[in-house]
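Engineer: with the input below, show me the fold.
(2 chains)
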2 protein chains.
Amino acid sequence: MLPRIAIDAMGGDFGPRTILDGALAAARHFDLALRLVGPEALIRRELADRSADTAAVDIRILDAPDVVAMGESPAQALRRKPQASIRVAAEAVARGEADALVSAGHTGATVLAAHAAFGMLPGVDRPALAVLIPTRGERPSVLLDAGANVECRPHHLVQFAALGASYSRVVLGVPRPKVGLLSIGEEESKGTDLIRDAHRMLKATTLNFIGNVEGRDVYAGQADVIVCDGFTGNVALKISEGLVETVEALLGEQLASTFSGRVGYLLSRRAFRRFSRRVDYSEYGGAPLLGVAGVCLVGHGRSSAKAIRNAVVSAARSVNERFLERVGQDIAAAAVPQS
Amino acid sequence: MLPRIAIDAMGGDFGPRTILDGALAAARHFDLALRLVGPEALIRRELADRSADTAAVDIRILDAPDVVAMGESPAQALRRKPQASIRVAAEAVARGEADALVSAGHTGATVLAAHAAFGMLPGVDRPALAVLIPTRGERPSVLLDAGANVECRPHHLVQFAALGASYSRVVLGVPRPKVGLLSIGEEESKGTDLIRDAHRMLKATTLNFIGNVEGRDVYAGQADVIVCDGFTGNVALKISEGLVETVEALLGEQLASTFSGRVGYLLSRRAFRRFSRRVDYSEYGGAPLLGVAGVCLVGHGRSSAKAIRNAVVSAARSVNERFLERVGQDIAAAAVPQS
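Structural biologist: Have a look, this model is predicted:
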């Protein structure tokens, strides 16, 4: 049976058309079935003039008239709106009507809806958003939590470490991923109480813990897995996005001031754009929400159709490769502390 | 009288020769007197073959046989080593034998030594390291705390906001600096408890508080002052340094793969290096330690002679421009909450 991907058609800053473009592109690119979740009439209208794209694809629409808006408190919105697209999509997966969830909508609402509908893997207390980041090393590193949990306790960070290591092993094929704890100095004594306690607990696990890594080492690829709380992770990733934009803008300005500089700028711009895309996690196909008992990929709000396509394909691959089962086995084997 | 700058000759990863090169360059560039602090015999030896540079300069050596090493716990080291160069330098300023302190050594030890020797400005509980960061806007922004305090309470962040606003006003000439609080969403409800409490308290001050700023906006120049705890600030700055290095390395690789790309790379590399230097805060002349009752500039451990020169000149300018007095007046006027 083809993997059936439930997609929140209302998520994302660019509206349902971009989401559907991405979903249909995924179905052209990979053997999968689409479960499009949102107001039925609206989705039908969008699909009407794409009969060429939809003819050979297993598509069903799951009607969901409501949507969680970006400014809303996710907990309240999900409670008040049982027909919100993200909630309907997550519940369809939980009932077995689809195999995986993809959303580029309100991140907090996606995390809560997936958590509520799927429950957690045994041994994990909190879900974590994992992001692949480009490095100067051989392969990307996994950074988590990227924003699912603003306040964490030490054992949460240890669980994130086990989840990240499993992700690195299953998805990137790293046999024994090196796990680093993001801090402000390499010494065990450096950092907040949270970091010092997590450091001590990580040393006692069977994970390949290499100690603290500093901000400077994150993009050097020293660790395969970089563990942090969701506040720090979110700030770190968003600072990176903004810095890349600023580097490009200032570089352009500086180069444009001379003729040979302008030539250099034109030639280097394409390479730069290629790099920017590597930093933009949406291009990697969305950030997996790890720790929940279901496959869930979260796209950036600014996801393009291509980013949505990549996320949907990633979700289908995860289903085919029994991702969830393998992560569950890894977590059970790691026997990390729980609250 | 010339401003007398006490310089920890033993601080910095490249040893005393680099520090002295920078200090002497500062004295050539600006009217100031040098108070070089470290093992007297060693400094005399270093100065011996530079009579051309030293002839016209008011130089004194303050003997300090010990040094706080990078791996040491700063509190313990300062207690056990009353003759450590950073402690002797700070105490010389406190006794009025010098007007300002410059160190590129152990940051934690510099913060503690300055705090102990100078005490705090009235109305401020904790010192904060302020860093100027380049932006796409008209001018650099001030980010603080960059690492002096790993754990903060809400009123500390409010005090940092007042210090940063004063710095922006006095040093950058911004009449009414916009103050932003670094968080993971613009809404008041976003972030940790620390951030939410600080947000509420900042709204009640007379500062020009513009609300939360996200990581993505930091380099956009939306706020003149960006406030965060020292853990987050340190991670954010070090991630930025590492990312710029990685962008340069990966860009070079991508460009080098084609001939026209190689040309583009050679032409753009100079502009890139120029940008990298703007991100490296040492080039701006060191990070001021704000809130202590004395002028103190902290250089990056990897400070070049030029970075040291800039820090020493900044320190002398601060003395001439009565920086401390003006910050003290601003803090008194802001009447921020204290513990």
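
Engineer: which residues does the residue nearest to the spatial centre of chain A contact?
Structural biologist: Closest residue to the average C-alpha location of chain A: A:Ala287 at 0.9 Å, with C-alpha atoms, centre = their mean. Contacts for A:Ala287 (C-beta atoms under 8 Å, 6 or more residues apart in numbering or on different chains) come out as A:Leu129, A:Ala130, A:Val131, A:Ala146, A:Tyr281, A:Leu297, A:Val298, A:Gly299. (C-beta placed from N, C-alpha, C; glycine too.)

Engineer: try it again at 6 Å.
Structural biologist: Going by C-beta atoms under 6 Å, 6 or more residues apart in numbering or on different chains, A:Ala287 touches A:Leu129, A:Ala130, A:Val131, A:Ala146, A:Tyr281, A:Val298.

Engineer: which residues does it form beta bridges with?
Structural biologist: On the basis of DSSP bridges, A:Ala287 is bridged to A:Val298.

Engineer: if we can go back for a sec, tell me which of the contacts of A:Ala287 is nearest to A:Asp21?
Structural biologist: A:Val298 (18.6 Å; C-beta to C-beta).

Engineer: okay, now the closest one: neighbour count?
Structural biologist: A:Val298: 30 surrounding residues under other C-beta atoms under 10 Å in any protein chain shown.

Engineer: A:Ala23 too?
Structural biologist: Using other C-beta under 10 Å, A:Ala23 is surrounded by 26 other residues.

Engineer: again, but for the one 3 residues further on
Structural biologist: Applying other C-beta under 10 Å, we find 27 residues neighbouring A:Ala26.

Engineer: torsion angles phi and psi at the residue nearest to it when sequence neighbours are not counted?
Structural biologist: With C-beta to C-beta, 6 or more residues apart in numbering or on different chains as the criterion, A:Ala26 has its nearest non-adjacent residue at 3.6 Å, and that residue is A:Val312. Dihedral angles of A:Val312 (phi, psi; degrees, to the nearest 10) stand at phi -70, psi -40.

Engineer: my guess is A:Val312 contacts A:Ile5, does it?
Structural biologist: Yes: under the contact definition of C-beta atoms under 6 Å, A:Val312 touches A:Ile5, with a separation of 5.3 Å.

Engineer: which residues are common contacts for those two?
Structural biologist: A:Val102.

Engineer: isn't A:Leu32 right up against A:Pro3?
Structural biologist: Yes: counting by C-beta under 6 Å, A:Leu32 does reach A:Pro3; the two are 5.1 Å apart.

Engineer: out of those two, which sits in the busier spot?
Structural biologist: The neighbour comparison of A:Leu32 against A:Pro3 (other C-beta under 10 Å) goes to A:Leu32, with 23 against 20.

Engineer: for B:Lys238, see how far away the more buried one is.
Structural biologist: 41 Å (C-beta to C-beta, to the nearest Å).

Engineer: among the contacts of A:Ala287, name the ones in helices.
Structural biologist: The members of these all map outside helices under DSSP state H.

Engineer: where's the dip in pLDDT among those?
Structural biologist: Least confident entry in those, by pLDDT: A:Tyr281, with 53.

Engineer: residues near A:Val57, how many?
Structural biologist: 16.

Engineer: that one is in contact with A:His29, isn't it?
Structural biologist: No: A:Val57 is beyond contact range of A:His29, at 11.2 Å (criterion: C-beta under 6 Å).

Engineer: look up the closest residue to A:Leu143, ignoring the ones flanking it.
Structural biologist: Nearest to A:Leu143 is A:Ile226, by C-beta to C-beta, 6+ apart, at 4.5 Å.

Engineer: other SSEs contacting the helix or strand containing the one you found?
Structural biologist: Element membership for A:Ile226, per DSSP states H and E: strand A:225-227. If you count contacts as 3 or more C-beta pairs under 6 Å, 6 or more residues apart in numbering or on different chains; DSSP states H and E, strand A:225-227 packs onto strand A:141-144, helix A:154-172, strand A:178-183.

Engineer: ok, A:Gly119 touching A:Ala293?
Structural biologist: Yes: counting by C-beta under 6 Å, A:Gly119 does reach A:Ala293; the two are 4.9 Å apart.

Engineer: looking at these two, which one has more neighbours?
Structural biologist: Between A:Gly119 and A:Ala293, counted using other C-beta under 10 Å, the more crowded position is A:Ala293 (19 against 12).

Engineer: strands along the stretch 51-200 of chain A, start to end?
Structural biologist: Ranges of strands in the stretch 51-200 of chain A, per DSSP state E, counting those that start in this stretch, are A:59-63, A:100-103, A:128-133, A:141-144, A:178-183.

Engineer: identify the residues contacting the fourth one?
Structural biologist: Contacts of strand A:141-144 with the rest of the structure, by C-beta under 6 Å, 6+ apart, involve A:128, A:130-131, A:133, A:135, A:160, A:164, A:167-168, A:221, A:224-226, A:233.

Engineer: mind listing the strands it pairs with, and their directions?
Structural biologist: With DSSP bridges as the test, strand A:141-144 pairs up with strand A:128-133 (antiparallel), strand A:225-227 (parallel).

Engineer: can you put these in JSON lines and add mean neighbour count?
Structural biologist: Shown next, in JSON lines, are the strands paired with strand A:141-144 (neighbours: other C-beta atoms under 10 Å in any protein chain shown):
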{"stretch": "strand A:128-133", "mean neighbour count": "26"}
{"stretch": "strand A:225-227", "mean neighbour count": "31"}
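
Engineer: quick one: which of the contacts of A:Ala287 is nearest to chain B?
Structural biologist: Relative to chain B, the closest of the contacts of A:Ala287 is A:Ala146; by C-beta to the nearest C-beta it sits at 9.9 Å.

Engineer: and that closest one, how many residues sit next to it?
Structural biologist: Residues near A:Ala146, counting by other C-beta under 10 Å, number 26.

Engineer: what's the spacing between it and A:Val218?
Structural biologist: From A:Ala146 over to A:Val218 the distance is 12 Å, taken as C-beta to C-beta.

Engineer: before we move on, what about A:Arg153?
Structural biologist: Separation of A:Arg153 from A:Val218 (C-beta to C-beta): 23 Å.

Engineer: which one of those two has more residues nearby?
Structural biologist: Legend: neighbour count by other C-beta under 10 Å for A:Arg153 and A:Val218, higher for A:Val218 (27 against 16).

Engineer: ok, the more buried one - contacts?
Structural biologist: Here A:Val218 is in contact with A:Ile226, B:Ile239, B:Gly242 (C-beta under 6 Å, 6+ apart).

Engineer: A:Met1 now?
Structural biologist: Taking C-beta under 6 Å, 6+ apart as the definition, A:Met1 has no contacts.

Engineer: and it, what pLDDT?
Structural biologist: pLDDT, read off for A:Met1, is 87.

Engineer: nearest residue to the residue of the stretch 51-200 of chain A found nearest chain B other than its sequence neighbours?
Structural biologist: Taking C-beta to the nearest C-beta as the measure, the point where the stretch 51-200 of chain A comes nearest chain B is A:Ile184, at 4.3 Å. Of all residues not flanking A:Ile184 in the chain, B:Asn234 sits nearest, at 4.3 Å (C-beta to C-beta, 6+ apart).

Engineer: roughly how far does that neighbour sit from B:Val68?
Structural biologist: The spacing between B:Asn234 and B:Val68, counted by C-beta to C-beta, is 19 Å.
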